[in-house]
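Visitor: Requesting a structural model of the entry that follows:
(chains A and B)
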Amino acid sequence: MSENYRNNFLKEVEERVEEGHWVKMCMQCGVCAGSCPLGAHWAHPPQELFMMIRAGKREEVLTSDSMWMCTSCYNCVVRCPRKLPITHIMHGLANLAYRLGLSPKNQTTQKFASMFWNNLAQTGRVNELKLSLGMYFKDGFGQGIKNAMAMQSVGLGMVKAKRLNPMELFGGHGIKDKSGFHAMLKKAREIEDRRKNFA
Amino acid sequence: MAKKTYSFYPGCSSQTKASSDNYLKSTNSMCKYLDIELKEIPDWNCCGASIGYAEGGELPRIALSARNMALSEQHNPGMDLVATCAACWLSTREAKERIAHSSQTLSEANTALAEAGLSYKGNQAARHMAEVLVEDFGFDELKRGVKKPLQGIKFAGYVGCQTNRPFGLAGESFENPKYLDNLVEAMGGEAVPYDQKVTCCGGALAFSEPEKSQKQIKDIIESAYDHGAEMIVTPCPLCQANVEIYQGEVNKRFGTKFNIPVTYYSQLITVAYGGTAAEAALDGQLIRATRLEDIAKK
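Guide: You can find the predicted model right below:
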């Protein structure tokens, strides 16, 4: 299906990216780039991504790690003179790249974003301990132990302050209606996949 | 003032022994003093925060918030929905706006909700606790409850991102919101002006991109110190956690000697209203807020 889009990446973005219909409104002022807390780390700041989309640079945009640098601070959104919901467009581009398997391998924020969702989707609520450990151990057991040791003082401090419960490893918080919750998410995903041609 | 009742969405980090357990405890104490009743939304779920997008996409994320709002409408009718967490509030309010702007999104969200036997109507406002304090009480009213003014303590009011952008509080500017400073001063404290009040702490990227985020955290704390602050106060659980718990890491990385307490407005209000250190959950600080503890002991 995505073959159909190859000739018109802007159209693809408008149809498959959250708030993608706004991309054509960008007037290339660059306020977003100058407002971004992690701006220095973006290979292509938002206004450049928007121009690249319009120029049909599909591979370059979707394989970029730029949009994964978004901290969701909304600085660009409130400052954009054209009122583009840039934060959401970045999330949407990241989602499209991820769904198509084009996002850069081992991008840590992508891994974290995916872990976060899978964590909450399981029980309906985030299990912070499992999420932290998942992140430490994402590059294997040995590295995981090293990471966990490096963060030991933070972890112990949190346990002492009663803000981290080691018992969360064996279950932890969750909602009651898990089956309804899972069915709801499954349906939402189905609808979205159909609408965005991910199915 | 008559008792006020709200439909309450505490959020994942405010659960027992989760990372902002102290936020919930101090909020409960603050509400007791203000005669606010918080009716928790039964069986609420995670909002997806701003990091669930890769796997969650758009509609599943909106469905998360729609489920909470539907449960709130059903079980706590006629009340405003109030969140204490910045991300919970933002996600809820954002989902509400998306649904309001698109009949397609409304029908899709309701199709998904039907699988859980729920439906969304959209008849409740989605508000942050800071809005409740500022709009439903106001600074003069809040000042009235002060028994132990936080006199002589200099606070850096750290508003951060998501309590401030893209929605923020009505009438406030995105670049220099004043409500937190006003709240500090209503409690008798001194709010120092500093230039990193709305700087991003790195958010979820404090986890995935620590070296980049810790630069943000360093800038915030450095400016607070440079402007004479003894304590940071914030309305956001992720701001609180990131700016407090990584100070050791920041010190290692940048050779700084930071050791500044990072508290919640609810802790300040609880102490100023005569609450104990336990009521204000001051034992939940990794960096002890000793000046607040001293006032609570008096």
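Visitor: C-alpha from now on. contacts and neighbour counts both.
Guide: Will do.
Visitor: the strands in the stretch 1-150 of chain B, which residues?
Guide: Under the criterion DSSP state E, counting those that start in this stretch, the stretch 1-150 of chain B carries strands at the ranges B:4-9, B:36-40, B:81-83, B:126-128.
Visitor: Let me see the mean pLDDT of the last one.
Guide: Mean pLDDT, strand B:126-128: 98.
Visitor: still on that earlier bit, mean neighbour count for the strands of the stretch 1-150 of chain B - can I get that in TSV?
Guide: Formatted as TSV, the entries for the strands of the stretch 1-150 of chain B read as follows, by neighbours: other C-alpha atoms under 10 Å in any protein chain shown:
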stretch	mean neighbour count
strand B:4-9	23
strand B:36-40	17
strand B:81-83	27
strand B:126-128	24
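Visitor: could you dump those strands to TSV with distance to B:L238?
Guide: Formatted as TSV, the entries for the strands of the stretch 1-150 of chain B read as follows, by distance: least, C-alpha to C-alpha, whole Å:
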stretch	distance to B:L238
strand B:4-9	16
strand B:36-40	21
strand B:81-83	14
strand B:126-128	15
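Visitor: Now render these as JSON lines, adding distance to chain A.
Guide: Compiled in JSON lines, the strands of the stretch 1-150 of chain B are given as follows (distance: least, C-alpha to the nearest C-alpha, whole Å):
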{"stretch": "strand B:4-9", "distance to chain A": "12"}
{"stretch": "strand B:36-40", "distance to chain A": "13"}
{"stretch": "strand B:81-83", "distance to chain A": "15"}
{"stretch": "strand B:126-128", "distance to chain A": "17"}
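Visitor: Can you list the neighbours in contact with the lowest-mean-pLDDT helix or strand in chain A?
Guide: Per-element confidence for chain A was summarised using mean pLDDT, DSSP states H and E. The lowest value among helices and strands belongs to helix A:141-150, with a mean of 86. Contacts with helix A:141-150, where a contact means C-alpha atoms under 8 Å, 6 or more residues apart in numbering or on different chains, come from A:133, A:136-138.
Visitor: Identify whichever of the strands of the stretch 1-150 of chain B lies nearest to A:V77.
Guide: Closest to A:V77 of those is strand B:126-128 (C-alpha to C-alpha; 19.9 Å).
Visitor: distance between that closest one and the chain's centre?
Guide: Its chain's average C-alpha position is 11 Å from that of strand B:126-128, according to C-alpha atoms, centre = their mean, to the nearest Å.
Visitor: Surely B:K147 touches B:I269?
Guide: No. Using C-alpha atoms under 8 Å as the test, B:K147 is too far from B:I269 to be in contact (10.1 Å).
Visitor: who's more crowded, the two?
Guide: More neighbours surround B:I269 than the other of B:K147 and B:I269, with 31 against 14 (other C-alpha atoms under 10 Å in any protein chain shown).
Visitor: now the more buried one: how far from chain A?
Guide: To chain A, B:I269 is 20 Å away according to C-alpha to the nearest C-alpha, to the nearest Å.
Visitor: Am I right that that residue sits in a strand?
Guide: No. Secondary structure assignment (DSSP: H, G, I helix; E, B strand; the rest coil) places B:I269 in helix, not in a strand.
Visitor: pLDDT score assigned to the most far-flung residue of chain A relative to its centre?
Guide: Taking C-alpha atoms, centre = their mean, the residue of chain A most remote from its mean C-alpha position is A:K160, at 31.6 Å. A:K160 is assigned a predicted lDDT (pLDDT) of 90.
Visitor: Then A:E3?
Guide: Note for A:E3: predicted pLDDT of 55.
Visitor: swap in the one 5 residues further on?
Guide: pLDDT, the model's per-residue confidence, is 93 for A:N8.
Visitor: still on that earlier bit, next SSE after the least confident helix or strand of chain A?
Guide: Moving toward the C-terminus from helix A:141-150, the next helix or strand (DSSP states H and E) is helix A:152-160.
Visitor: got the CA coordinates for that following helix in PDB?
Guide: Written as PDB, here are the backbone C-alpha positions of helix A:152-160 (Å, rounded to 0.1, in the frame of the first residue of the first chain):
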ATOM      1  CA  GLN A 152      21.800   2.400  42.800                       C
ATOM      2  CA  SER A 153      21.900   5.400  45.000                       C
ATOM      3  CA  VAL A 154      19.000   7.000  43.300                       C
ATOM      4  CA  GLY A 155      17.000   3.800  43.500                       C
ATOM      5  CA  LEU A 156      17.700   3.300  47.200                       C
ATOM      6  CA  GLY A 157      17.000   6.900  47.900                       C
ATOM      7  CA  MET A 158      13.600   6.500  46.300                       C
ATOM      8  CA  VAL A 159      12.900   3.300  48.300                       C
ATOM      9  CA  LYS A 160      13.800   5.100  51.500                       C
END
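Visitor: so does it get close to chain B?
Guide: Yes. Using C-alpha under 8 Å from any C-alpha of the partner chain, a contact is recorded between helix A:152-160 and chain B, made by A:154, A:157-158.
Visitor: what packs against the longest helix seen in chain A?
Guide: With residue count as the measure and DSSP state H as the assignment, chain A has helix A:178-195 as its longest helix. In terms of contacts (3 or more C-alpha pairs under 8 Å, 6 or more residues apart in numbering or on different chains; DSSP states H and E), helix A:178-195 is packed against helix A:108-123, helix B:59-75, helix B:103-114.
Visitor: Not counting the first one itself, show me its contacts.
Guide: In this case it means helix A:108-123. Outside of helix A:108-123, the residues within contact range by C-alpha under 8 Å, 6+ apart are A:68-69, A:98, A:125-127, A:130-131, A:134-135, A:173-175, A:178, A:182, B:46, B:48, B:51-56, B:205, B:207-209.
Visitor: now do the last one
Guide: With C-alpha under 8 Å, 6+ apart as the test, helix B:103-114 has contacts from A:183-188, A:191, B:59, B:62-63, B:66-67, B:98-100, B:118-120.
Visitor: Please spell out the ChimeraX selection for the buried subset of the residues you listed.
Guide: Here is the ChimeraX command that selects the buried residues among those (16 or more other C-alpha atoms under 10 Å in any protein chain shown):
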select /A:183,184,185,187,188,191 /B:59,62,63,66,67,99,118,119,120
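Visitor: B:I220 is nearest to which of the strands of the stretch 1-150 of chain B?
Guide: Put simply, out of the strands of the stretch 1-150 of chain B the one that sits nearest B:I220 is strand B:126-128, at 23.3 Å, with distance taken as C-alpha to C-alpha.
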